[in-house]
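Enquirer: here are the coordinates; sequence isn't available:
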């Protein structure tokens with residue numbers, strides 16, 4: 001540990017280290033890392049996005065996107081599925097004439113063949129999609145003896161591409177049910193003498209896989225709904241009367257036009273025909289791979305808007321969509337259909353505080369209670385596991401199924417990154433490997449909200465295609481308007497924050513803080529902690545005063561932790577307890593200055609909080625500050641006497657001395673328009689009760705110790721949770737101690753998640769959600785700061801990049 005002899009002559013003019021100017025005291029040095037954010041650099045920041053034209057453009061986009069979210073407007077809901085359209089085209093006229101019931105679908109097939117002879121979405125090539133769609137379209141045209149040229153070109157495409165597939169390793173991702181349906185369709189063509197290469201090793205392999213897959217299923221499983229969206233591939237195994245028990249109310253089978261058309265061809269069921277009629281009434285001459293698609297589309301739109309950081313503009317529309325999803329949660333979002341969408345629905349409903357249970361994931365367990373995945377479901381297991389992993393992070397206490405889901409998904413995803421056969425060319429094209437890597441390294445609880453929004457702006461594609469039974473696009477989910485608004489909004493918010501950051505750094509420069517010889521200068525970092533999560537424009541006052549309090553806490557931390565002597569700290573602590581500026585005569589000069597700054601900032605916060613909340617709050621804040629500094633003083637006593645407390649004693653004091661409580665309540669009571677009654681405040685903040693502020697303090701204390709104890713030990717600090725544990729457990733290693741701290745941290749994180757996201761009807765008093773959100777987001781940012789060490793004291797680490805991304809570098813439009 002470094003020490004320095006500080007004489008009064010080394011201090012700023014007129015400021016001595018003690019009341020006796022001739023004294024010289026041996027003092028520890030504070031963190032020597034300098035402020036990396038130069039004042040002149042911060043003041044030089046200029047953003048063009050302060051211009052009103054950008055705000056006007058954003059308003060226009062918001063209005064247009066609201067129309068999209070309401071389901072109105074001219075945008076196409078979902079792209080056509082050539083495969084499903086061909087199945088509907090096969091349906092004969094019910095008047096017994098030798099013509100199609102839906103001739104417009106035959107015309108669509110004739111007009112929409114691609115230049116290479118295939119059918120599908122022209123902008124996105126996936127061979128399994130093109131093979132399945134092309135074979136289906138060829139069979140439909142052959143049935144009605146039309147389109148000889150198209151049929152010939154389609155057969156040539158099938159021949160060329162099947163012959164190019166030498167083995168399974170040459171195949172890219174498979175659309176859902178490909179291994180079941182494609183061999184079945186090939187078998188159907190054999191009697192038509194099309195000259196397709198039936199004897200290829202790859203074709204034989206597909207046939208064998210189909211046989212193996214179906215042989216593993218009992219009749220009960222076949223008729224239970226597992227293959228409901230692939231019925232056309234198992235017509236030789238279906239008992240048609242029995243399968244009718246699984247028909248949806250709208251007449252469809254799992255919302256699949258192809259499966260429904262197939263059932264109609266075998267049963268003549270009029271409800272099936274009514275469903276197909278409704279599709280053609282809506283879409284005209286084609287059908288999509290799935291209908292209805294409104295809930296799927298709604299979930300994906302909400303997910304994108306939330307992840308892009310623009311959800312505050314669409315709160316009403318998001319609530320309407322999620323209310324609809326919640327009403328149908330156990331109906332149309334039957335998890336048999338898709339793990340990825342089930343996990344997405346659960347995550348979004350929980351994030352928006354709907355009362356949902358993770359029991360839906362039992363549908364993805366086998367008979368022995370273990371999670372499984374099946375390549376028959378969308379063959380997008382990596383994407384499904386990623387969705388499950390994200391959902392699992394929102395676990396509440398006692399939800400062991402989400403712990404199992406997290407472990408299962410984590411294991412799968414880590415293996416996926418090492419296996420090129422899992423991350424296919426299609427997945428790589430969709431940047432899935434980068435998504436997996438990022439998610440595994442950055443949990444939701446330890447991530448920076450504004451960095452997350454920026455990053456998603458950079459990976460969001462307006463031309464994104466999804467993989468199901470067909471390759472498909474949802475134009476209202478991924479489009480240029482949403483992306484333009486997200487980038488504009490990010491830059492406009494950043495411009496507001498730059499102006500505020502200038503104000504904070506100007507205040508700091510002209511305050512008394514630079515006169516103190518020991519304090520770290522971290523005004524930019526202090527502003528970042530709050531602005532990275534509570535970023536909305538209306539909370540400017542909250543951010544400004546939070547930054548002041550954070551700067552104050554930083555200086556007090558350095559004074560108690562490194563600079564002040566025990567006698568001096570005792571005097572200062574007593575002066576705070578007495579709360580009187582006139583009673584500071586016995587303090588050293590530097591402490592008199594520090595006390596004045598402390599007194600002024602606290603009273604400014606109290607004054608503004610009382611204006612907003614409409615009641616007296618000085619006594620509340622006084623008690624909070626007294627407790628905080630008493631916690632500091634107790635640690636100073638430990639250090640002076642070289643005392644290592646018990647772990648229980650250390651943590652009890654540590655959640656006070658970490659300083660988060662006084663910082664958080666200063667912020668939450670200064671949020672414009674957010675009124676907290678005394679009852680509501682006590683549900684957020686009650687010392688000794690595991691509510692949001694207390695849990696934040698526990699999490700911050702443990703995260704700080706886990707990641708900084710080695711550096712603190714090197715500076716001579718004897719008391720940390722790691723050292724206290726090892727003292728109580730002689731012979732234990734640091735690794736064992738750290739593991740134990742994680743065992744305390746993880747349940748606290750779950751409790752915090754519950755306190756933040758618990759459904760409305762579980763709260764005793766009305767608590768503005770923005771207040772809870774402010775506390776939660778600050779926790780997330782703080783966990784990032786301590787993720788790789790002391791990112792606050794040494795902000796040349798990853799935190800520097802985060803600050804640049806949040807506050808300095810704009811997004812290119």
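Expert: That came through fine. Quick caveat: nothing in here was measured; it's all calculated off a predicted structure.
Enquirer: can you count the residues close to residue 393?
Expert: Residue crowding around residue 393 was assessed by other CB atoms under 10 Å; the count is 18. (Glycine included, C-beta is placed from N, CA and C.)
Enquirer: Provide a list of residues in contact with the closest residue to it other than its chain neighbours.
Expert: Spatially, and ignoring its direct neighbours in sequence, residue 393 is nearest to residue 444 (4.5 Å; CB to CB, 6 or more residues apart in numbering). Residue 444 is in contact with 390, 393-394, 780, counting by CB atoms under 8 Å, 6 or more residues apart in numbering.
Enquirer: Now intersect the residues you listed with the helices, please.
Expert: Those of these mapping onto helices are 390, 780, per DSSP state H.
Enquirer: So which of the contacts of residue 444 is the closest to residue 353?
Expert: Using CB to CB, residue 394 comes nearest to residue 353 of these, at 10.9 Å.
Enquirer: Identify the residues contacting the closest one.
Expert: Residues near residue 394 by CB under 8 Å, 6+ apart: 347, 350-351, 402, 444, 753, 757.
Enquirer: Could you dump the residues you listed into JSON lines with distance to residue 499, pLDDT and secondary structure added?
Expert: Putting those into JSON lines (distance: CB to CB, whole Å; pLDDT from 0 to 100; DSSP: H, G, I helix; E, B strand; the rest coil) gives the following:
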{"residue": "347", "distance to residue 499": "35", "pLDDT": "97", "secondary structure": "helix"}
{"residue": "350", "distance to residue 499": "36", "pLDDT": "97", "secondary structure": "helix"}
{"residue": "351", "distance to residue 499": "30", "pLDDT": "97", "secondary structure": "helix"}
{"residue": "402", "distance to residue 499": "42", "pLDDT": "96", "secondary structure": "helix"}
{"residue": "444", "distance to residue 499": "30", "pLDDT": "95", "secondary structure": "helix"}
{"residue": "753", "distance to residue 499": "34", "pLDDT": "97", "secondary structure": "helix"}
{"residue": "757", "distance to residue 499": "33", "pLDDT": "95", "secondary structure": "helix"}
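Enquirer: right, and the pair among the residues you listed with maximum separation?
Expert: Largest pairwise distance in these, by CB to CB, is 13.9 Å, between 351 and 402.
Enquirer: With distance to residue 555 added, can I get the contacts of residue 444 in JSON lines?
Expert: Converted to JSON lines, the contacts of residue 444 look like this (distance: CB to CB, whole Å):
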{"residue": "390", "distance to residue 555": "39"}
{"residue": "393", "distance to residue 555": "35"}
{"residue": "394", "distance to residue 555": "37"}
{"residue": "780", "distance to residue 555": "25"}
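Enquirer: Strands along the stretch 1-150 of the chain, start to end?
Expert: Here the stretch 1-150 of the chain has its strands, by DSSP state E, counting those that start in this stretch, at 3-7, 24-28.
Enquirer: Could you check what's spatially nearest to residue 94, not counting adjacent residues?
Expert: Residue 94's closest residue in space is residue 101 (CB to CB, 6+ apart), at 6.1 Å.
Enquirer: so where's the stretch 401-550 of the chain shaky on pLDDT?
Expert: For the stretch 401-550 of the chain, applying pLDDT under 70 flags the ranges 420-425, 427-429.
Enquirer: Over to the stretch 251-400 of the chain?
Expert: In the stretch 251-400 of the chain, residues with pLDDT under 70: 330-337, 372-380.
Enquirer: Quick check: next helix or strand after the host helix or strand of residue 485?
Expert: Taking DSSP states H and E as the criterion, the element that holds residue 485 is helix 480-510. Scanning forward in sequence from helix 480-510 by DSSP H and E, the next helix or strand is helix 523-531.
Enquirer: how far does that following helix sit from the chain's center?
Expert: Relative to its chain's centre, helix 523-531 lies at 22 Å (CA atoms, centre = their mean, to the nearest Å).
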